[in-house]
Every structure is written in C-alpha cells, then in structure tokens.
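J.: Just the structure for this:
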Amino acid sequence: MDEKISLLETKLQNTEKEVLELRSLTGGTPRVAFSAALRESGSGDTGPFNTATPLKYRRVFSNTGSSYNPSTGIFTAVVKGMYFFRFSMFNNLRSVPSSVVSLMKNSERLTSVWDTSGSDSNDMGSNAVVILLEVGDNVYVELQANRIVYDDGMNYNTFSGFLLFTV
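T.: Residues are numbered from 1 along each chain as shown. As a prediction, this is how the structure comes out:
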C-alpha cells in the first residue's frame, strides 16, 4: 500500500508540474475561438421561417474551448471578457423574400445586415462587434422572420468569434 501511495504522490507531483508548465505557455488565459459556415454541404436557401430563428452554422472550422454549439447555433461565454464576433450573409437573386440577419446577445439585437432583391444577381454583407460578455451570455446570428439566406457550397454565410481578453 505504501508503494502505491508513493507512486500516486509522484504522479500527482508530475501532473502539478505539467499544469504549471501549460499555464506558463498560455499565460493562464482561457482560449476561446470558433469559426463556422452555415451549410455542411450542398446548396440552397435557408428560410424563410415564420418567426425569427437562430441560424445553425453546421460546418465548424474551429471550436477551441467548445463554446459554440452547432446544434443550436449559439455561442455561450465560459469566461467574463471582451469578445470579437463577425458574421456574413449572402443572398441569391430573388424577388421576395429579402435577407435580414442580426447578431444577437441574449435576445438583444446588436447589429444587422440587410439586403433586398434588385437588378444584381446576388449580394453579400458582413458586420462585426466587440462586446463585453458575462459567464453564460449567449451570442448567435438570427435570421429574421420571412427572410432567406443562400449558399452554394462556397461558405458565404459564416459566424466567428473569439475572446480578446478576460476582465
């Protein structure tokens, strides 16, 4: 039994050293970053929906810290800090409906991108914010009611974010 305890103590000391070494490499700062595109594959419209609906960005390029959930389309802050978010929107030529997407924080609209149909064949827009988030705050991109976005496999519709610094 003494031999097992001694072995476990040695393993614990080695683990503590590894944790300290990893903290020194990262500065002890959580690493939070994600980037995703709307469609995993294929082409077509997303929407229209009868009510405003969070977009689910299914093709995840990166998700360090696992704060973005592709099943819901929602990013949840795991640490209080200043974050950067960016999203893009693409609309194919349509007479109706047009495209309106908004970046939301806990059901509050932060910023939007809007496009109406016109004589051109398609339009694209993007927007970004830097915001303070508390632990548990949610950020997502919402497609407004009776609107659409389009993608043809080129990943025009994206949603990305990362932690700038903790506060």
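J.: The residue nearest to M104 when sequence neighbours are not counted pairs with what?
T.: Beyond its immediate neighbours in the sequence, the residue positioned closest to M104 (C-beta to C-beta, 6 or more residues apart in numbering) is E142, lying 4.9 Å away. Where you see a C-beta, it was placed from the backbone N, CA and C, and this is true even at glycine. For E142, the beta-bridge partners under DSSP bridges are P54, S102.
J.: lowest-pLDDT helix or strand in the chain?
T.: Of the helices and strands making up the chain, the lowest-confidence element is helix 2-26, at a mean of 74, by mean pLDDT, DSSP states H and E.
J.: After that helix, which helix or strand is next? Please name it.
T.: On the C-terminal side of helix 2-26, the closest following helix or strand by DSSP states H and E is strand 33-37.
J.: Would you mind listing the residues in contact with T53?
T.: Contact partners of T53, counting by C-beta atoms under 8 Å, 6 or more residues apart in numbering, are 47, 142-143, 145.
J.: If you tally nearby residues, what's the number for the residue nearest to M104?
T.: When neighbours are counted by other C-beta atoms under 10 Å, E142 registers 21.
J.: Check the one 5 residues further on too.
T.: Residue crowding around R147 was assessed by other C-beta under 10 Å; the count is 24.
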